[in-house]
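Participant: Take this sequence and fold it.
(one chain, ligands or ions: 1)
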Amino acid sequence: AAVFADYSARTPKSCALWERGKAVLPGGVSGNLRYFAPYPLYMATGSGSRTIDVDGNAYIDCFSCNGPLMLGHRPAAVLEEIERHRDMGPLILNPALLVECAELLAAIVPCAERVRFLNSGTEAVLSAVRYARAFTGRDKVVKFLGHYHGQSDAFLVGLTPDRRPFGAGVPASTQQDILTLPFNDIAAFEALMAERSDIAAVLLDPAMHSGGLWGASSDFLHVLRRETAARGIILIFDEVITGFRLGLAGAQGYYGVTPDLATFAKALAAGEKLGAVVGRADVMAVTDPLTAADIPRAFQSGTGNDGTAALAAAIGAMTEYRRQDAEGGYAALDTAAGECAAMLVSAFAAHGIPLHINRMASMMQLFITDAPASFTRYAELRTDLIELFYLALINHGVMLSLPTSNHVYFSFAQQAADFAAIAEAVTTVLQTYPF
Ligand code: PLP
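Facilitator: Residues are numbered from 1 along each chain as shown. Coordinates of the predicted model:
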């Protein structure tokens, strides 16, 4: 009650906007996960590591709008590039910077012999799977329980430890070509491979981010690579989360495993709307208008696929990621995030609360549990306390995560002073409120 009361006292303008917004937007928001109780914050602006709400409260932003803001708010490298191309207008046919952006992506991502741009991660996954089906002439796609691949019907299957689609409105007919397996289970994967010959693609988020950030085991990824290659199955890394986050070269660089295709969005354009499918030239050739008649041709389109601001933003962002990589920025952020995780565990322990943290590079998720945590136990874990903790931190100027999402994404904008302020807020919150 005290956490809610303090939140309400600090955010009257957000409350008023929510009351107004509910009349036109279901829940007052434009995405189910943007809502949290008692009502969501509405933001006015942001700068670097901070975001500022409509009441003028500033927050150290470690939610990063669910990942894209790897460079923080209004990063100069991105804004300057957008500004430089402003005279081109928002959309022109085949802009020159399309080629420049694709060259940069191909130079950074190991599997990226060819590139197609789209508008979102959802679209990129849909397209990649279509290319794999066209190339192989097969229909079935393997996905893993707990892996999110965007909001298309077929891939809302198996987000939880069972196969049930996530939410209503997903027809059974869209699920029949999706085969689901437990993640990191080599025996289950090998058994399926031995059983079937109709699999077009194996699709995974190497971080298993939406299922709790459990991360792929390196052995598992090597088995996936070996078995798919042996069977002509297209291995797709969905790098919408891991791209430019696990390191400059994403999960493929982090694990040293090169997939056939990969999808990108989120950090790719650091907040502008851009998705991409990249991969092997022979597979991507299914989208090539110049392909010979005997090669299957897959449709790929999108009216806004090469918007000026998005491409310019991606060029600015990728150039900055390269600079960070060259100057040790990824390693430094990994260290700072690790220290923050350790600080949280010991601060909770000092109050007798057992905390388990899953962390990969600049991402982490928090679980309150005194038994060993795992994805299969995940659904039973208590979330009420952690949600309240995130809201209490918001009361003290730190948006570690949105209360209902449990997704923490640090950015290059966070400096030592921000991490010190986070530690101070954690101490204050645990002392102030009776958790
Ligand atoms: N793939 C993964 C791994 C994601 O985490 C997401 C979004 O969170 C998507 C795909 C969908 O991306 P978008 O929200 O841009 O459609």
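Participant: Point me to the residue of the stretch 251-400 of the chain nearest the ligand.
Facilitator: Closest to the ligand within the stretch 251-400 of the chain is residue 265: 4.2 Å, counting by CB to the nearest ligand atom. For the C-beta atoms, the positions are set from N, CA and C on the backbone; glycine is no exception.
Participant: ok, that residue touching residue 271?
Facilitator: No - using CB atoms under 8 Å as the test, residue 265 is too far from residue 271 to be in contact (11.2 Å).
Participant: do you know how far the most centrally placed residue in the chain is from residue 134?
Facilitator: With distances taken as CA atoms, centre = their mean, residue 241 lies nearest the centre of the chain, 2.9 Å away. The spacing between residue 241 and residue 134, counted by CB to CB, to the nearest Å, is 26 Å.
Participant: what does residue 155 give?
Facilitator: In this view, residue 155 and residue 134 are 18 Å apart by CB to CB.
Participant: higher neighbour count, the two?
Facilitator: Neighbour count, other CB atoms under 10 Å: between residue 155 and residue 134, residue 155 has more, with 26 against 20.
Participant: mind listing what the more buried one touches?
Facilitator: Going by CB atoms under 8 Å, 6 or more residues apart in numbering, residue 155 touches 125, 143, 148-149, 178, 203.
Participant: Would you format the residues you listed as CSV with neighbour count included?
Facilitator: Formatted as CSV, these follow (neighbours: other CB atoms under 10 Å):
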residue, neighbour count
125, 29
143, 27
148, 21
149, 29
178, 21
203, 25
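Participant: hang on, the earlier thing: who touches both of residue 265 and residue 271?
Facilitator: With contacts defined as CB under 8 Å, 6+ apart, the residues shared by residue 265 and residue 271 are residue 68.
Participant: Looking only at neighbour counts, state which of those two leads.
Facilitator: Applying other CB under 10 Å to residue 265 and residue 271 shows that residue 265 carries more neighbours, namely 26 against 22.
Participant: Please identify which pair of the contacts of residue 155 lies farthest apart.
Facilitator: 148 and 178 (13.2 Å; CB to CB).
Participant: Whichever residue of the stretch 101-250 of the chain sits closest to the ligand: neighbour count?
Facilitator: Here the stretch 101-250 of the chain gets closest to the ligand at one residue, residue 121, 2.2 Å apart by CB to the nearest ligand atom. Neighbourhood size, residue 121 [other CB under 10 Å]: 27.
Participant: That one touches residue 269, doesn't it?
Facilitator: No - checked against CB under 8 Å, the pair residue 121 and residue 269 is beyond contact range at 11.3 Å.
Participant: list the contacts for residue 227?
Facilitator: Contacts for residue 227 (CB under 8 Å, 6+ apart) come out as 189-190, 193, 233.
Participant: Which members of those residues are classed as buried?
Facilitator: In the contacts of residue 227, burial by neighbour count holds for 189, 193, 233, counting by 16 or more other CB atoms under 10 Å.
Participant: where's residue 3, which helix or strand?
Facilitator: Here residue 3, judged by DSSP states H and E, is contained in helix 2-10.
Participant: any chance you could map the helices in this protein?
Facilitator: With helices called from DSSP state H, the chain shows them at 2-10, 12-21, 76-84, 96-108, 121-136, 186-195, 218-231, 250-255, 281-284, 308-326, 329-350, 375-378, 384-395, 416-432.
Participant: okay, these in CSV with mean pLDDT next?
Facilitator: Listed next are those as CSV, based on pLDDT from 0 to 100:
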stretch, mean pLDDT
helix 2-10, 97
helix 12-21, 98
helix 76-84, 98
helix 96-108, 98
helix 121-136, 98
helix 186-195, 98
helix 218-231, 98
helix 250-255, 98
helix 281-284, 96
helix 308-326, 98
helix 329-350, 98
helix 375-378, 80
helix 384-395, 95
helix 416-432, 97
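Participant: Just put those helices in a markdown table and tack on distance to residue 65.
Facilitator: Converted to a markdown table, these look like this (distance: least, CB to CB, whole Å):
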| stretch | distance to residue 65 |
| --- | --- |
| helix 2-10 | 20 |
| helix 12-21 | 17 |
| helix 76-84 | 14 |
| helix 96-108 | 21 |
| helix 121-136 | 13 |
| helix 186-195 | 34 |
| helix 218-231 | 28 |
| helix 250-255 | 19 |
| helix 281-284 | 29 |
| helix 308-326 | 14 |
| helix 329-350 | 17 |
| helix 375-378 | 24 |
| helix 384-395 | 15 |
| helix 416-432 | 17 |
